[in-house]
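Novice: I need the structure of the sequence given here:
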Amino acid sequence: MKSRTARCIRTIALLALMMPVQLLTQNTQGVHHHYKLVDLGTFGGPSSYLAGSNGVTSPGAVNQVLNNHGTVVGWRDTSTIDPFDPNCFMNFSPDCFLALPFQWEKGVLTDLRVPPGGDASNAVWISDNGLIAGVSENGFVDPLRPGFPEFRAVLWERGEITELGTLGGNYSSALSVNKRGQVVGVAMNAILDPFDPLFATQPRAFLWQDGAMQDLGTLGGPEATALFVNERGQIAGFSLTNSTPNSGADICGTGVPTADPFLWEDGRMIDLGTLGGTCGLPFSLNNRGQVVGLSDLAQDSTSHPFLWYRGTMKDLGTLGGSFGIAQGINDAGEVVGGATNKSDQALLAFLWKDGVMTNLGTLKGDDCSQAFHINSKSQIVGISFPCANPVFPNFHGFLWESGVMTDLNAFVPPGSSLATWGDGDFINDRGDIAGVRVLPDGDLHAFLLLPCEEGEEGCRDSTEGTAADTESGSAAHTQPAETSQGRLTPETLAALRARFARRYHFFGLGATRD
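Specialist: Sure, this is the predicted structure:
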């Protein structure tokens, strides 16, 4: 069992590197934080997860697993092995334990219901009014793929679960939901699809509302996936534009047709185009209708971050290197992601604001970093790590604010069993941080960091140092990235770029199982 966990950790390491990074440097004075750690535990199995943390569950950028009221959703292993082992990847447990969805709110952990007949389920998105989107097994075996379970998109509302159905096929998954109860995701129809050997039939983007599932169509090809829905009802996703495989390889895969990002509104799907290449993928959508992601350039030799707004796709550039990706955007239009510096020595977190891309630097001792998410207060979370050894346990989650990068390990009590950080995936507007950590034995645990008052039980000040830094003497704040001498080899960079789109292999684009 533990070998599977080890493989999962290696996968997370590579996938995390695929995500962009951003940081301001310079001032390290005057910003102190107080946080306390909440370990979200398990249902008796080894690990717990948040969507996007294991590189399988969440096509696209970091999911909203934590809303602005402090409620977090995910799933936790039980001690029971999945009867579909080894074909259990839809449980998102690398050890094939049956996993159940949970909700944590104000210190109360709730086991969310699973549909009748289903053994496992997960929750991947929560709206600010508590609607939860996810996926669940339904107890049936796929007739097209004996030995594999069917699964269905689901919606939880006030403790009740609704199965959303499919478009005629055997699978569906809900990926996002807004406060109006509009759910988007991907569902299979009944038409065989040569570009999706894993699920056999065509994956299509759907909108579910008022009890009905609608096929949103495509940009001309057989496949589409809806990833995000904002509070205006705008939907972002990606679609194949034709059925003719490209002769070369791009970030979407080898031998697949061109894929473009789209924005769906007012009943029509708008092709956002690319920066000249044959693959573009969205990673975040804000409430203004701005979309960010990455796109191949001409000849598909590399990829750059993009911002699309009102009909125009803007190349955000890099930090002097050849590669970059936009990971997140807030409603103010501030973009975070990761980009390489001069000569592609390092992958570095960035903040793009008002037309300027700023290098956010790294934690002391590291030379690479990446940012995942930015909230309305311009607080940013991500990871910092050594370019030469970008694997767990070398990742340190960070919080960046007002020019200061703080190591999240600073908030781990001395002697804690969670002394090895995974990453900080999401931060809400209150400053609550959610992510997944790697324990010393290799298991994964979802966690929360909650702002607290000095003197409160379990509350730690960032200036106290980290559990690891107590022995190493390392500082928990940022260093100017210009002093870093990155060791990101061309082979590592190529591997990272190739794996960026693997987050989209949940459905379509040559879907494969890691």
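
Novice: what about L207, how many neighbours?
Specialist: For L207, the neighbour count with other Cβ atoms under 10 Å is 18. (Each C-beta comes from the backbone N, C-alpha and C, glycine too.)

Novice: for it, which residues make a bridge with it?
Specialist: V184, Q214 (DSSP bridges).

Novice: what's the answer for F102, then?
Specialist: Bridge pairing for F102 (DSSP bridges) gives the partners G74, D111.

Novice: that one and E137, how far apart?
Specialist: The gap separating F102 from E137 is 16 Å, by Cβ to Cβ, to the nearest Å.

Novice: same deal with S402?
Specialist: In this structure, S402 and E137 are 45 Å apart, going by Cβ to Cβ.

Novice: try A200
Specialist: The gap separating A200 from E137 is 17 Å, by Cβ to Cβ.

Novice: which one's more surrounded, those two?
Specialist: The residue with more neighbours, out of A200 and E137, is E137; 24 against 20, by other Cβ under 10 Å.

Novice: T244 against V256, yeah?
Specialist: No. Using Cβ atoms under 8 Å, T244 is not in contact with V256, being 9.8 Å away.

Novice: run the chain-centre distance for the helix or strand harbouring L100.
Specialist: Using DSSP states H and E, L100 sits in strand 97-105. What separates the centre of strand 97-105 from the centre of its chain is 18 Å, taken as Cα atoms, centre = their mean, to the nearest Å.

Novice: list the buried residues for it?
Specialist: 97-104 (16 or more other Cβ atoms under 10 Å).

Novice: tabulate the residues you listed (CSV), appending distance to E163.
Specialist: Formatted as CSV, the buried residues of strand 97-105 follow (distance: Cβ to Cβ, whole Å):
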residue, distance to E163
F97, 23
L98, 18
A99, 18
L100, 16
P101, 14
F102, 19
Q103, 18
W104, 24
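
Novice: from the residues you listed, pick the one nearest I161.
Specialist: P101 (9.2 Å; Cβ to Cβ).

Novice: how about stretch 109-119 as PDB, C-alpha atoms only?
Specialist: Provided in PDB are the C-alpha atoms of stretch 109-119 (Å, rounded to 0.1, in the frame of the first residue of the first chain):
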ATOM      1  CA  LEU A 109     -16.600  17.800  10.900                       C
ATOM      2  CA  THR A 110     -19.600  16.300   8.900                       C
ATOM      3  CA  ASP A 111     -19.600  13.100   6.900                       C
ATOM      4  CA  LEU A 112     -21.500  14.100   3.700                       C
ATOM      5  CA  ARG A 113     -24.000  11.500   2.400                       C
ATOM      6  CA  VAL A 114     -23.200   9.100  -0.500                       C
ATOM      7  CA  PRO A 115     -26.000   8.200  -3.000                       C
ATOM      8  CA  PRO A 116     -27.800   4.900  -2.500                       C
ATOM      9  CA  GLY A 117     -25.700   2.100  -3.900                       C
ATOM     10  CA  GLY A 118     -22.400   4.100  -3.900                       C
ATOM     11  CA  ASP A 119     -19.400   3.200  -1.800                       C
END
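
Novice: avg pLDDT for it?
Specialist: The average pLDDT within stretch 109-119 is 87.

Novice: K342 contacts T318, doesn't it?
Specialist: No. K342 is beyond contact range of T318, at 9.4 Å (criterion: Cβ under 8 Å).

Novice: which one of the two has more residues nearby?
Specialist: Neighbour count, other Cβ under 10 Å: between K342 and T318, T318 has more, with 24 against 12.

Novice: show me where this structure has its helices.
Specialist: All helices of the chain, identified by DSSP state H, fall at 2-18, 469-472, 490-500.

Novice: between those, which gets the lowest average pLDDT?
Specialist: helix 469-472 (a mean of 32).

Novice: report the contact partners of A339.
Specialist: By Cβ atoms under 8 Å, 6 or more residues apart in numbering, A339 lies in contact with 20-21, 305, 317-319, 321, 323-325, 347-348, 350, 357.

Novice: let's see it at 6 Å
Specialist: A339 sits next to 318-319, 324, 350 when contact means Cβ atoms under 6 Å, 6 or more residues apart in numbering.

Novice: cool, Q209 as well?
Specialist: Applying Cβ under 6 Å, 6+ apart to Q209 gives the contacts Q182.

Novice: and stretch 395-402, how far from the chain's centre?
Specialist: Distance, stretch centre to chain centre, for stretch 395-402: 17 Å (Cα atoms, centre = their mean).

Novice: so which bits of that stretch are buried?
Specialist: Quick answer for stretch 395-402 (16+ other Cβ under 10 Å): 395-401.

Novice: now it: mean pLDDT?
Specialist: On average, stretch 395-402 scores 90.

Novice: if I look at the closest residue to V229 other than its chain neighbours, how far off is F426?
Specialist: Of all residues not flanking V229 in the chain, V184 sits nearest, at 4.5 Å (Cβ to Cβ, 6 or more residues apart in numbering). Plainly put, V184 is 19 Å away from F426 if you go by Cβ to Cβ.

Novice: comparing the two, which residue is more hemmed in?
Specialist: More crowded of V184 and F426, by other Cβ under 10 Å: V184, with 29 against 24.

Novice: tell me the contacts of that one?
Specialist: Listed by Cβ under 6 Å, 6+ apart, the contact partners of V184 are 176, 207, 226, 229, 235.

Novice: if you set the cut-off to 10 Å instead, what comes out?
Specialist: Going by Cβ atoms under 10 Å, 6 or more residues apart in numbering, V184 touches 125, 133, 153, 174-178, 205-209, 214, 216, 225-229, 233, 235-237, 264.

Novice: restricted to strands, list those.
Specialist: Judged by DSSP state E, those include 125, 133, 153, 174-177, 205-209, 214, 225-229, 235-237, 264 as members of strands.

Novice: low-confidence stretches in this protein?
Specialist: Confidence mapping of the chain against pLDDT under 70 gives the ranges 1-32, 53-62, 89-94, 390-393, 415-424, 464-487, 496, 498-514.

Novice: what about the closest residue to G248 other than its chain neighbours, distance to G147?
Specialist: Spatial nearest neighbour of G248, chain neighbours left out: D300 (6.1 Å); criterion: Cβ to Cβ, 6+ apart. In this structure, D300 and G147 are 36 Å apart, going by Cβ to Cβ.
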